[in-house]
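Asks: Quick check, what structure comes out for this input:
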Amino acid sequence: MLLRRFLVLVIAVALAFIAITGLGPGTARAAAGLCMGAPPADGTVYAETRQFVDTQSWWMPDADQANNAVTNTGHLHLGACVPERETISSGNLTVNVRVILHDNPGTADYVAMVFKTSDRETTVQKCYLRATAPDFSCPGPAGSGGGDFTCTGTCERWLTFSAPISDFNHSGTQEVRFRGFVSEPDGNEMRANFNWQANIQNGKSASDVTRDPFLRGKGWYTHAGYCESSVRSLPLPDGPVSGIWAPLVGLTSHTDGSRPATHSFISVDPDFHAVPANPGLVLWDSAGAFGPEPFGAAPLAIDTRGLANGVHKLHLRTSCRDDKLGSTNSGVMVVPFTVAN
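Replies: Sure thing, here's the model as predicted:
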């Protein structure tokens, strides 16, 4: 309760500060080059500004739910250096996607890259997760093959997607979606879904995508449906932030029959693969949603003066309890930001 009151107070102060000064969370856009927050494996110098954004799907029991091989199948991550809201005007859209299985007994099948416009959704490429395939490849042509990637503990695999921007049937703000699929031993399925947008200039008719055009990280599990965390204030800041940074975020329920949001958690720089897990600097940890229901969003005030200068990670996790299956589905989004006070 004290945490909630403190956060509400800080949000009010932050919004007043922004209104008085006219300053928003964005800053001057950074020059093209290395990807902000990228892991060492992706040292690509990109033609446009990119940030490494991570989406995670968790299937893990709450404290009062039984913990066993059926109720706890760990994590599936999809992370990538994305040109979020950047302009791409020629050639291919190429993205390196990191797939992580953490304490997940399932078999990873494939990851799909989907182009979504105002009137069309097209799967433009499938990359299968094969145990013998090298990193930064895309095994198997679209629509064929099958994945056989399994893991004990924590394992990662990199996939490279590349498709011409002419595959979008419109220009303007268009959406790219990555979807990853894991078959669990009991026959259930775990999916991670990652939605983001770019400004595509391919000479075709202009028509912006309008359905929920913001950064979305979704976990999906059989019966439970979707559970999602999102960042609504866009674009992400390419340059440093300072003082009070107040992005608009949503950790709220889907309206499509999925299980409702039952817990929301926000922190800076956690490491949930560590033993013991490191929760980071916890900003919010409460039953229910963060933001108005259903599927709303609220400003989150972060006093960056309490953080060291440099790159940090904002972790957003929405949890959706499924009492029928006896476990909890979570959708996680992790975005980088740079502090310079």
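
Asks: Just the CA trace of the helix or strand harbouring residue 190, in CSV.
Replies: Secondary-structure assignment from DSSP states H and E places residue 190 in strand 189-200. Extracted in CSV, the C-alpha atoms of strand 189-200 (Å, rounded to 0.1, in the frame of the first residue of the first chain):
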residue,chain,number,x,y,z
GLU,A,189,1.7,-25.1,-26.1
MET,A,190,3.6,-22.0,-25.0
ARG,A,191,4.0,-19.0,-27.3
ALA,A,192,5.8,-15.7,-27.1
ASN,A,193,4.6,-12.8,-29.2
PHE,A,194,6.3,-9.5,-29.9
ASN,A,195,4.7,-6.6,-31.8
TRP,A,196,6.5,-3.5,-32.9
GLN,A,197,6.2,-0.8,-35.6
ALA,A,198,8.4,0.9,-38.2
ASN,A,199,7.9,3.6,-40.8
ILE,A,200,8.0,1.8,-44.1
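
Asks: Buried residues, it. List them.
Replies: 190-200 (16 or more other Cβ atoms under 10 Å). C-beta: built from backbone N, CA, C; applies to glycine.

Asks: swap in stretch 86-105?
Replies: 86, 88, 93, 95-102, 104-105.

Asks: List the residues that contact residue 34.
Replies: 43-46 (Cβ atoms under 8 Å, 6 or more residues apart in numbering).

Asks: quick one on the thing from earlier: and the buried residues of stretch 86-105, which of them are in strands?
Replies: Secondary structure from DSSP state E places 88, 93, 95-102 of these in strands.

Asks: closest to residue 150 among those?
Replies: Residue 150 lies nearest to residue 101 out of these, by Cβ to Cβ, at 7.7 Å.

Asks: sorry, back to before: rounded mean pLDDT for the strand holding residue 190, please.
Replies: The predicted model gives strand 189-200 an average pLDDT of 99.

Asks: For the helix or strand following it, which helices and strands make contact with it?
Replies: Counting by DSSP H and E, the next helix or strand C-terminal to strand 189-200 is strand 215-221. Here strand 215-221 touches strand 51-60, strand 189-200, strand 225-231, strand 327-339, going by 3 or more Cβ pairs under 8 Å, 6 or more residues apart in numbering; DSSP states H and E.

Asks: ok now the following helix or strand past the first one, how far from the chain's centre?
Replies: Spelled out, that is strand 51-60. Next in sequence after strand 51-60, counting helices and strands by DSSP H and E, comes strand 74-82. A distance of 7 Å separates the C-alpha centroid of strand 74-82 from that of its chain, computed with Cα atoms, centre = their mean, to the nearest Å.

Asks: Tabulate the CA atom coordinates of strand 74-82 in CSV.
Replies: Output of strand 74-82 as CSV, limited to C-alpha atoms (Å, rounded to 0.1, in the frame of the first residue of the first chain):
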residue,chain,number,x,y,z
GLY,A,74,9.7,-22.1,-17.3
HIS,A,75,10.3,-19.3,-19.8
LEU,A,76,10.4,-18.7,-23.6
HIS,A,77,12.2,-15.5,-24.7
LEU,A,78,12.2,-13.7,-28.0
GLY,A,79,14.6,-10.7,-28.1
ALA,A,80,15.8,-8.6,-31.0
CYS,A,81,17.4,-5.3,-32.0
VAL,A,82,14.4,-3.6,-33.6
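
Asks: Paired strands for it, with orientation please.
Replies: Here strand 74-82 has these sheet partners by DSSP bridges: strand 51-60 (antiparallel), strand 92-102 (antiparallel).

Asks: out of these, nearest to residue 253?
Replies: strand 51-60 (16.5 Å).

Asks: That closest one vs strand 215-221, what angle?
Replies: 20 degrees (axes from the mean of the first three to the mean of the last three Cα atoms, to 10 degrees).

Asks: Please settle this for me: is residue 166 part of a strand?
Replies: No: Residue 166: not assigned to a strand; according to DSSP: H, G, I helix; E, B strand; the rest coil it is helix.
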